[in-house]
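Novice: Could you work out the structure for the sequence below:
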Amino acid sequence: MYKVIRNKNGKEWNQIVSIKPQKPFSKASQKEIFDYCIKRELLLGENYLPGINLSDKDESSFGFYLSEKKRFYDRYLSKRLNLDSVLSSDIKRHYDQGKGSELKSGKFYSVASSSRFTVSSFSEKSNQGIIELRNKMNLNGKVENVEIKLEEGLNIGGIPANLNPPQMDAMIKTNSSDTYFLEVKCHEIFDTSKNKPIKLKWKYLKADSFNRLPLRNVRLSKKTVIERGKPVEYISVDNKYLTASSFGCTLLTTHFDFKQFLCHLMGILSYKNRNKNRKESIHFYYLFYKNAGYLKIGKNKIYEELEAEISEIFGKFSKLFPEIDFGYCYNDKFDTIKSLKNEHKTTA
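Specialist: Here you go, the predicted structure:
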């Protein structure tokens with residue numbers, strides 16, 4: 001696969017092509033190839049929202065201008081599809097109130113948008129053609145009446161007001177007192193680097209749940225760095241950023257966002273503390289997009305590596321927090337998920 005920047009009808013485009021083009025070009029990254037595979041499935045008739053696919057199965061269905069990049073991208077659905085028009089007012093309200101600006105920024109139009117994947121998994125198309133959040137789901141083999149919220153903020157007790165609370169992509173409450181906190185990932189599993197540091201701000205030390213994290217045998221220090229011309233203070237050990245090993249986890253790859261996991265966990269622990277008198281079962285799950293097209297084109301081990309990381313991390317944290325059910329699930333379509341089933345196998 002190759003990436004090219006080309007002028008098309010007087011407009012600059014960033015495109016991925018499968019046939020080697022004329023120079024200049026560069027090799028496409030694995031993340032770009034992953035996106036290309038999703039685009040190809042959409043061109044073959046797969047849904048981009050529950051019950052909705054492309055009427056024009058050609059390149060006219062793609063292309064979105066990103067103002068920060070000052071060019072069009074062919075791995076985005078075209079704005080003329082007007083995705084907002086088919087979303088329920090409830091779904092739009094959740095995203096308008098969230099901090100990610102998924103609809104306003106155009107992120108929702110990316111072929112690999114995790115927000116559109118979230119909506120697709122937890123909604124269905126009504127008889128009126130509107131995408132609405134579900135009120136009933138199969139959760140770990142049990143059909144439940146549910147209330148679903150998107151972009152739900154998790155307030156971490158004790159942290160300063162100028163630290164934004166982490167947001168869960170979805171939060172599901174059932175009629176049997178189960179609460180599911182869900183983080184949803186699509187191509188974000190490629191946002192990785194070797195020995196990825198955990199840049200956790202110093203202010204998190206004031207969180208009411210921070211002292212429950214497994215950092216018992218290290219001496220923490222403050223690391224100050226200049227970012228955008230201003231000093232920012234981070235938690236460190238010997239003036240080095242935290243890593244997964246600081247929390248007792250040995251990882252060979254870094255597809256899993258460990259820092260975000262810690263922030264979400266602190267938010268969930270604060271939630272539990274605020275609701276300690278409520279009889280409630282807590283589930284902390286990740287939902288990943290399983291890209292079948294990407295798996296067909298080469299001998300890659302992206303999901304095997306991801307699952308190995310999860311096994312190591314959840315194995316450690318499940319023992320520390322037995323009151324939380326840690327898990328992960330898959331959906332291989334941008335369509336209503338048939339059942340949410342925990343794929344993580346706990347060990348004694």
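
Novice: Could you give the number of residues near residue 89?
Specialist: 10 (other Cβ atoms under 10 Å). In this view, the C-beta of every residue, glycine as well, is placed from N, C-alpha and C.

Novice: Would you mind measuring from it to residue 98?
Specialist: Counting by Cβ to Cβ, to the nearest Å, the gap from residue 89 to residue 98 is 15 Å.

Novice: and if you look at residue 121?
Specialist: 17 Å.

Novice: Which one's more surrounded, those two?
Specialist: Shown here are residue 121 and residue 98; by other Cβ under 10 Å, residue 121 has more neighbours (25 against 17).

Novice: residues contacting the more buried one?
Specialist: 184, 287, 331, 335, 336, 337 (Cβ atoms under 8 Å, 6 or more residues apart in numbering).

Novice: wait, doesn't the last one sit right on residue 290?
Specialist: Which is residue 337. No. The pair formed by residue 337 and residue 290 falls short of the contact definition of Cβ atoms under 8 Å, at 11.3 Å.

Novice: Mutual contacts of these two, please.
Specialist: residue 331.

Novice: Distance of residue 73 relative to residue 189?
Specialist: 20 Å.

Novice: Equivalent analysis for residue 215, please.
Specialist: For residue 215, the distance to residue 189 - Cβ to Cβ - is 26 Å.

Novice: again with residue 16
Specialist: 18 Å.

Novice: With residue 288 instead?
Specialist: With Cβ to Cβ as the criterion, residue 288 and residue 189 are 7 Å apart.

Novice: shared neighbours, those two?
Specialist: residue 306.

Novice: could the contacts of residue 121 go into CSV alongside distance to residue 77 and neighbour count?
Specialist: Below are these laid out as CSV (distance: Cβ to Cβ, whole Å; neighbours: other Cβ atoms under 10 Å):
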residue, distance to residue 77, neighbour count
184, 18, 25
287, 21, 24
331, 19, 22
335, 15, 21
336, 19, 19
337, 21, 21
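
Novice: Residue 126: which of those is nearest?
Specialist: residue 336 (11.9 Å; Cβ to Cβ).

Novice: tell me the secondary structure for the closest one?
Specialist: Following DSSP: H, G, I helix; E, B strand; the rest coil, residue 336 is assigned to coil.

Novice: and residue 132, that's in a strand?
Specialist: Yes. Judged by three-state DSSP, residue 132 forms part of a strand.

Novice: Report the contact partners of it.
Specialist: 88, 90, 91, 123, 124, 125, 126.

Novice: Spatially, what comes nearest to it if we skip its sequence neighbours?
Specialist: residue 88 (4.5 Å; Cβ to Cβ, 6 or more residues apart in numbering).

Novice: Hmm, residue 134 and the one you found touching each other?
Specialist: No. Counting by Cβ under 8 Å, residue 88 sits too far from residue 134 to count as a contact (11.2 Å).

Novice: who touches both of the two?
Specialist: In contact with both residue 88 and residue 134: residue 123, using Cβ under 8 Å, 6+ apart.

Novice: related to what we said a few turns ago, quick check, nearest of the contacts of residue 121 to residue 45?
Specialist: For the contacts of residue 121, the nearest to residue 45 is residue 335 (11.9 Å; Cβ to Cβ).

Novice: For residue 117, see how far away the closest one is.
Specialist: Distance from residue 335 to residue 117, by Cβ to Cβ: 10 Å.

Novice: related to what we said a few turns ago, could the contacts of residue 121 go into JSON lines alongside distance to residue 139 and pLDDT?
Specialist: Supplementary listing: these in JSON lines, determined by distance: Cβ to Cβ, whole Å; pLDDT from 0 to 100:
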{"residue": "184", "distance to residue 139": "16", "pLDDT": "97"}
{"residue": "287", "distance to residue 139": "12", "pLDDT": "98"}
{"residue": "331", "distance to residue 139": "14", "pLDDT": "97"}
{"residue": "335", "distance to residue 139": "18", "pLDDT": "97"}
{"residue": "336", "distance to residue 139": "14", "pLDDT": "97"}
{"residue": "337", "distance to residue 139": "10", "pLDDT": "95"}
